[in-house]
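**Q** I would like the atomic coordinates for the input below:
(one chain, ligands or ions: 2)
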Amino acid sequence: MIQRIAIIGLGTMGPGMAARLARGGLQVVAYDVAPGAIERAGSMLGVAEGVLDALGIAVPPAGAGTVRFTDDIADAVSGADLVIENVPENISIKADVYRTIDSLIASDTIVASDTSGIPITKLQAHISHPERMVGMHWSNPPHIIPMIEVIAGEKTAPHIVTTIRDLIRSIGLLPVVVKKDVPGFVENRVLYALLREAVDLVERGVIEPEDLDTCVSWGIGYKIAVIGPMALLDMAGLDIYKSVSSFLNADLSNRDDVAPMVLEKTNASKLGIKSGEGMFSYTPEQTKALQGERARKLVAVRRILEGRE
Ligand SMILES: NC(=O)C1=CN([C@@H]2O[C@H](COP(=O)(O)OP(=O)(O)OC[C@H]3O[C@@H](n4cnc5c(N)ncnc54)[C@H](O)[C@@H]3O)[C@@H](O)[C@H]2O)C=CC1
Ligand SMILES: Cc1ncc(C=O)c(C(=O)O)c1O
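**A** Ligands and ions are numbered 1, 2, ... in the order given. Model (predicted):
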């Protein structure tokens, strides 16, 4: 039974994950190589806990879990039943972490990666006892979005998938088991198909960025939260989809590299909210207000979608 979880990496995703797991009654020890990240994670944890309160996520009868931060990776993983690796999306950084923890954990400690889409089979090559490695892909913001993908690599033991699926379920979250270890799994394959087209339309001057967001959020996003893509095909009619896709699919972006607009911005360190500028610009005050407003709206929508309002 999983009780003690180590989280490695406390950037965008780690603190919200720690808060959600602890709310589910689990004991979390969280580590980051950067002291600044540990400091920031403390305040992000407090914000996430407030959002979990607003969502009405109850503490289990046995009581809430705990989150403890440490700057010592050996301390973080000591006695862990599950280690969740949550460092940047770069195989060599992830492999370094696996090499470091390998001698610090038991051979049956489960190691999960929150990778956005590196096949688990590739990551497994960098750890001993690869049968205990599994993909556990959360969605951002992880304390609010309830769905988590679970992915087996070629060497993952089936019971590890079941254990992680059951853990996710046991704390009131929604596991989705992905049946093939394809790059990007399912959520990001769908998201990146949408993002490729959206970036292309803005880059070609078909639409302004603000209008693109209005079109997608109100035309597609709002609807798709209630009616998933497969159900939407039935609502529209497969005959309509057949007619439109017969001419439209060939016209959609099939770019297989990173769009120049994105390269230009990343080369200029315009990374989005984390650097104050990306597709849009953000002052620190605007960022704080935006994050609060987005959390409030996501909480309200989730409560309604779950039939709690
Ligand atoms: N940002 C997002 O929306 C999502 C990201 N992911 C995935 O989660 C993982 C983490 O992503 P983010 O939190 O966005 O990254 P991030 O870049 O915000 O944070 C990564 C953290 O890892 C730390 N780190 C780097 N090397 C380390 C090491 N050797 N040991 C311990 N800590 C180390 C960094 O100091 C940083 O705080 C990536 O694989 C990413 O693809 C998954 C879902 C959503
Ligand atoms: C752009 C982008 N890329 C990856 C992920 C998750 O892996 C997300 C997300 O929101 O979860 C994302 O927005």
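
**Q** and Ala112, how many residues sit next to it?
**A** Neighbourhood size, Ala112 [other C-beta atoms under 10 Å]: 26. (Each C-beta comes from the backbone N, C-alpha and C, glycine too.)

**Q** Actually, Thr66.
**A** Thr66, neighbours per other C-beta under 10 Å, totals 12.

**Q** which ones are touching the one residue in the stretch 201-309 of the chain that gets nearest to ligand 1?
**A** Per C-beta to the nearest ligand atom, the residue of the stretch 201-309 of the chain with the smallest distance to ligand 1 is Lys274, at 7.2 Å. For Lys274, the contact set (C-beta atoms under 8 Å, 6 or more residues apart in numbering) comprises Thr12.

**Q** Return the residues of the stretch 101-250 of the chain in contact with ligand 2.
**A** Ser116, Ser139, Asn140, Asn188 (C-beta under 6 Å from any ligand atom).

**Q** just checking, the third one touches Thr12?
**A** Looking back up the chat, that one is Asn140. Yes - at 6.4 Å, Asn140 counts as touching Thr12 under the criterion of C-beta atoms under 8 Å.

**Q** which of these two has more neighbours?
**A** Of the pair Asn140 and Thr12, Thr12 is the one with more neighbours under other C-beta under 10 Å, namely 14 against 11.

**Q** Which single residue in this protein comes nearest to ligand 1?
**A** Nearest to ligand 1 in the chain, going by C-beta to the nearest ligand atom, is Gly11, at a distance of 1.8 Å.

**Q** Could you list which residues are in contact with Val33?
**A** Val33 is in contact with Ile73, counting by C-beta under 8 Å, 6+ apart.

**Q** Model confidence for it, exactly?
**A** Among the per-residue scores, Val33 shows a pLDDT of 98.

**Q** Just list the residues touching Asp71, thanks.
**A** Tyr31, Asp32, Pro35, Ile38.

**Q** Could you identify which of those has the most neighbours?
**A** Neighbour counts for the contacts of Asp71 (other C-beta under 10 Å) peak at Tyr31, which has 27 neighbours.

**Q** residues in contact with it?
**A** Contacts of Tyr31 (C-beta under 8 Å, 6+ apart): 6-10, 38, 69-73, 75-77.

**Q** And Ala22, by the same measure?
**A** Taking C-beta under 8 Å, 6+ apart, we find Ala22 in contact with Val28, Ala64, Gly65, Thr66, Val67.

**Q** Report the buried members of those residues.
**A** Buried residues within these, counting neighbours by 16 or more other C-beta atoms under 10 Å: Val28, Gly65, Val67.

**Q** wouldn't the last one be in contact with Leu45 here?
**A** Yes - using C-beta under 8 Å, Val67 and Leu45 qualify as a contacting pair, with a distance of 6.0 Å.
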